[in-house]
Structure formats: structure tokens, C-alpha cells
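[1] Need a 3D model of the sequence below.
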Amino acid sequence: MSHQVFSHTLPSATPGTQRVVKAHHFGELGSRPKIYLQAGLHADEWPGFLVLNTLIKKLIKADEKGLIKGEIIIVPVANPIGLGQNFHGYIPGRFAFSDGGGNFNRNWPQLGDKVERRIHEQVTGDIDQNIDLVRQAIRQELTALPENSELQGLRKTLLALSMDADEVIDLHCSGEACMHAYVAQEFEAYFTPLLGLMGADVALSELETGAHSFDETNASVWRHLKTHYAHLMPWGCRSLTLELRGENDISHDFAEQDASALMKYFIHRQVVEGKAPKIDSRQVTFYPLDAMDLVKAPVAGIACFNKSLGEAVEAGEVIGEVVDLMADDVMQSAYPLIARADGVFFARFQRRLVVCGESIAKIAGREHLAFREIGHLFED
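    As a prediction, the model looks like this:
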């Protein structure tokens, strides 16, 4: 058996408190391919917790049969800091209360320049040797990262577990949504089998969002180096964010379905031994992230939608309305929510009391939208 559980203690934020990140390791250290998965970096997004709990059980059984051929690391609870932000029974786990606040999945350390300075005189024509060289430099730079706060310690810990992986899969969810994913343009073909197995018909594709999110950060060193060394520097890590439907889409049925799909994917990638799965990815469609319409609330009030998730919409079509509760004329209190793109209505707010100007619905479109700014494609 190769299954091991390691506990990583974070710096103590206040006297008498200490948080721990647990990582489940399967396979022999250094075996390839290596796949890393985590859930709950946004600590108010919980479907991934149950999915990875179910997946670990399946991997334990596979391990007992000697079927683990590569290395798999699973962090089932990636953000104990955010989970501790319990405010009268509500866990606002998307943003940090301390360390300057901010979105837990933004502005991760970018190591590309530093790694390049370490390796620039050692790159050769041997691609495998270059991969090892870069991974060693990444480990050195990760060791040098500060951990003077709890949040810094969390980021350093998660990156140390993930950045030498061949693949990084970061599990999230939306308020209410279809299964979908955010994928770098370079990885569209590579991750299509995963999306087909997971039933994600919608994938948002981008070159670089400017968010410096966790998944982007894991691939960013390689993207940076490829601009300098081209074919001498292959992708040493590919990553994506997988959105597991909506916040309340949590059940043993969903967890079993998703964990089984991930196991099939492991077999497909030959990290677990088994019969090759049949993969139907014909429904997977990639939409440019800069073509995604963020439908904003025109007023504060109660949002009502008349379109279902997964439905096709056209630009100019009304997908719902917001009712202004403070309007003097209640007969004229409904303001339409109008699509600005032809595409698929795939996500929306779970909360129905909305603030004026909030983005409360998402439509995956095919054509660039003038108001979408490259490099600033995510709203926190």
C-alpha cells in the first residue's frame, strides 16, 4: 500500500490557534504522471469536499489492488483559514478577513522570472533534462517564499504540493450552474477528455486572465519559459479550474458520479491501471472568456430568472428581471435582465436579493465583447 496522509501545519495566526492542511498521497514519490487535486480554495464552495472524500475511498481500494502507477496528491480541504471565517453561521470564505483581505484565488506568487534567472545558462537540447532543471528551480524558489503569516503559509504549502505535478485540477463551483470549466487555450485539446467524462459541456477558454489564480500560477512558469525557449521547454504542468455545478449541488449521487469520472480520467492518463474508458466529448464546447457576458443587476432588488441553466440565448433576449422593492410605482418596478451575447446561459447567483451593479448571471458566447478587457476577465 502506498497511501499516506501528511499534515502540514500553518503559521499560528493568533495565540492558541493553529490550522492544518492534510494531503493524501498515492503512488511512489516521483512517479509519473503526477496529478494534484484540491477542493475548497474558495471556502464557501463545498461540492468538491464530498467529491474528493469519495475519490479518496476509491483510490484506497485501487491502491490495495496495486493499481496506482503514477503519483496522485489530493488535498480535500485546501483552505482551513476561510472555513474558520464563520460569522453567525455564515461562512464568507471567498475573501480573506486578514492579511490585507482579497480573494483567496487571486494574486498567487509568480515565479517565472526568478526560475528563468536560475536556469538560463543550463538549458540544453534535452527536453527531459530541461523539465527536471525547471522543477528543481521551482522547488528552490518555493523554499524562498515567505511564510510570515497564516495566508502566506497556506499558499506556500499548496504550491509546494502542486507545482511539480504534470496536472493540477482545482475544484470550485458557482452559485447555481451547469458543470463547466476554465481552461487555458493551450490546454483545450488536452483536457477535452476530462470535460467529456465530467459532463462539462461548457468550457471558458482564455490565454491569460490577469487574475494570477491558483491554476494559472501552476502553469505560469512554463508559459513564461516557453516564450524564451520554445520547443526546448514543453509544458511541465497543465492546469484547469473545474466548476462542480452550484453551491447546493451536493449529494452522494453527485459525488459518486464525479469521483467515478475522475477515476476514469486517471485510467485514461495511465496514473491508475484499468480498462481504458469510453469517452464521448462531442458536447464539449469551448467559448472565449472575453466573449462571456456578465449580466449585471440594473437596480437593487429581487432577481427572477425566466431562462433555465443550459438554455441557449440570443443577444437582446430577456433572461429575467430584477424587481425594485423601493419603486413608488410597483406596476413599473421590474427591470429586465438582457443578454448581450449569443450563447449558453450557464451560471447565475444563488442569492436572489441583489445589489445594483452586481454580475448575477453568466452567458458563454462565441464573439469577443467590446466591454470585456483582456487581462482583466475576472471580477472578484
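
[2] rest of the way, CA atoms for contacts and neighbours
    Fine.

[3] Y229 and R118: what is the separation?
    Look at Y229 and R118: by Cα to Cα, to the nearest Å, they are 14 Å apart.

[4] The stretch 201-350 of the chain: strands as residue ranges?
    202-206, 238-246, 285-288, 293-296, 301-305, 312-313, 318-323, 334-338, 343-348 (DSSP state E, counting those that start in this stretch).

[5] For G82, which of the ones you listed is the nearest?
    Smallest distance to G82 across those (Cα to Cα): 18.5 Å, for strand 238-246.

[6] Tell me the strands beside the closest one, with direction?
    Paired with strand 238-246 in the same sheet, following DSSP bridges, are strand 167-174 (parallel), strand 180-184 (antiparallel).

[7] Which pLDDT does the model give the closest residue to E321 other than its chain neighbours?
    Leaving aside its chain neighbours, E321 sits nearest to P336 (4.2 Å; criterion: Cα to Cα, 6 or more residues apart in numbering). Looking at P336, its pLDDT is 98.

[8] How many residues are close by P336?
    19 (other Cα atoms under 10 Å).

[9] Run through the residues that contact the residue nearest to the spatial centre of the chain.
    With distances taken as Cα atoms, centre = their mean, the residue of the chain nearest its centroid is T241 (2.6 Å). Contact analysis of T241 by Cα atoms under 8 Å, 6 or more residues apart in numbering lists 169-172, 181-183, 215.

[10] again, 6 Å this time
    When contacts are counted by Cα atoms under 6 Å, 6 or more residues apart in numbering, T241 touches 170, 181-182.

[11] Distance to V354 for the residues you listed - can I get that in CSV?
    Converted to CSV, the contacts of T241 look like this (distance: Cα to Cα, whole Å):
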residue, distance to V354
D170, 28
A181, 25
Y182, 25
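
[12] For the residues you listed, which single residue is the most surrounded?
    Sorting those by how many neighbours each has (other Cα under 10 Å) puts A181 first, at 25 neighbours.

[13] now that residue, which residues is it bridged with?
    Under the criterion used (DSSP bridges), A181 bridges to A203, L242.

[14] before we move on, what about H24?
    Counting by DSSP bridges, H24 is bridged to V5, I74.

[15] any idea how far it is from L161?
    From H24 across to L161, the span is 11 Å (Cα to Cα).

[16] do the same with L353
    39 Å.

[17] which residues of this protein fall in helices?
    For the chain, helices defined by DSSP state H occupy the ranges 47-64, 80-83, 112-119, 127-144, 150-162, 188-198, 214-229, 252-268.

[18] Would you mind putting those helices into TSV with mean neighbour count alongside?
    Output for these, formatted as TSV (neighbours: other Cα atoms under 10 Å):
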stretch	mean neighbour count
helix 47-64	19
helix 80-83	21
helix 112-119	16
helix 127-144	16
helix 150-162	20
helix 188-198	20
helix 214-229	21
helix 252-268	19
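
[19] Which of these sits closest to N105?
    The nearest among the helices of the chain, by Cα to Cα, is helix 214-229 at 5.9 Å.

[20] For R223, which non-adjacent residue is closest in space?
    Of all residues not flanking R223 in the chain, W235 sits nearest, at 7.6 Å (Cα to Cα, 6+ apart).

[21] okay, the one you found: pLDDT?
    At W235, pLDDT is 96.

[22] Same question for G210.
    With respect to pLDDT, G210 scores 81.

[23] Can you give me the distance of it to N107?
    According to Cα to Cα, G210 and N107 sit 9 Å apart.

[24] now E141
    Distance of E141 to N107, computed by Cα to Cα: 17 Å.

[25] do the same with E216
    Per Cα to Cα, E216 is found 10 Å from N107.

[26] Also G199?
    Separation of G199 from N107 (Cα to Cα): 30 Å.

[27] These two: who's more crowded?
    Comparing G199 with N107 by other Cα under 10 Å, the one with more neighbours is G199, at 19 against 14.

[28] what are the phi and psi angles of G89?
    phi 90, psi -10 (degrees, to the nearest 10).

[29] got the domain boundaries for this structure?
    4-288, 292-365 (automatic domain parsing).

[30] Can you get me the start-to-end distance on the shortest one?
    Pointing back at domain 292-365 there. 5 Å.

[31] I'd like the distance from that domain to the chain centre, please.
    The chain centroid and the centroid of domain 292-365 are separated by 25 Å under Cα atoms, centre = their mean, to the nearest Å.

[32] Thank you, goodbye.
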